[in-house]
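In: Any chance you could fold what I've pasted below:
(one chain, ligands or ions: 1)
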Amino acid sequence: MEKQMKLMNQLVADLAVNFVKFHNLHWNVVGERFKEVHEYAEELYDMINEQYDEVAERMKMLGSFPAAQLKTYLELSNVEEIEDRDYQIPEVFKILKEELEKLRDLGTEIRTLADDSGDFATVAMLEDMIIAYDKEIWFMEQALK
Ligand SMILES: [Fe+2]
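Out: I've put the predicted structure just below:
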């Protein structure tokens with residue numbers, strides 16, 4: 001359970017940093033299809049925001065303290081922040097896709113640990129998250145073709 005809590009905390013931190021990172025792309029995307037991609041990035045940070053809360057609350061239910069400070073998120077997270085500048089649309093999709101793939105990988109690792117310990121509620125939560133990531137990753141792969 002200790003390793004699972006450590007990784008769940010990492011997931012909380014990665015979701016928190018990505019919430020900001022996706023706003024960066026939401027604000028700074030440029031190009032002919034600005035509005036569409038701007039709104040799409042918003043859908044994704046809304047999704048991430050819900051997952052952030054859900055994973056943290058699951059940690060509470062399991063008797064643990066999720067990280068709840070921005071400075072801790074930056075220490076724990078592997079997500080690299082990006083500078084404030086214009087981002088062309090393919091670049092936006094590439095960054096979003098890479099981050100969602102990393103979240104999916106971490107979620108999958110935690111899911112396996114939770115499954116080993118019979119923690120099926122965490123398994124179910126993560127499976128829903130992974131299904132959602134898969135769909136968005138597919139969307140971005142199609143957009144990048
Ligand atoms: Fe906005």
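In: Show me where the protein has its strands.
Out: All strands of the chain, identified by DSSP state E, fall at 29-30, 87-88.
In: In its sheet, which strands sit next to the last one, and in what direction?
Out: Read it as strand 87-88. Looking at strand 87-88 with DSSP bridges, its partner strands are strand 29-30 (parallel).
In: Tabulate the strands of the chain in JSON lines, adding columns for mean neighbour count and mean pLDDT.
Out: Using the backbone N, CA and C atoms, a C-beta is placed for each residue, glycine as well. Listed next are the strands of the chain as JSON lines, based on neighbours: other Cβ atoms under 10 Å; pLDDT from 0 to 100:
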{"stretch": "strand 29-30", "mean neighbour count": "18", "mean pLDDT": "98"}
{"stretch": "strand 87-88", "mean neighbour count": "18", "mean pLDDT": "98"}
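In: Kindly present those as a markdown table, with separate columns for distance to residue 37.
Out: As requested, those are arranged in a markdown table below (distance: least, Cβ to Cβ, whole Å):
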| stretch | distance to residue 37 |
| --- | --- |
| strand 29-30 | 5 |
| strand 87-88 | 9 |
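In: Quick check: which of the ones you listed is nearest to residue 21?
Out: For those, the distance to residue 21 is smallest for strand 87-88, at 11.1 Å, taking Cβ to Cβ.
In: contact partners of that closest one?
Out: The contact list for strand 87-88 (Cβ atoms under 8 Å, 6 or more residues apart in numbering) reads 25, 28-31, 95.
In: And for stretch 100-113?
Out: By Cβ under 8 Å, 6+ apart, the list of residues contacting stretch 100-113 from outside reads 3-4, 7-8, 10-11, 14-15, 18, 44, 78-79, 122-123, 126-127, 129-130, 133-134, 136-137, 140.
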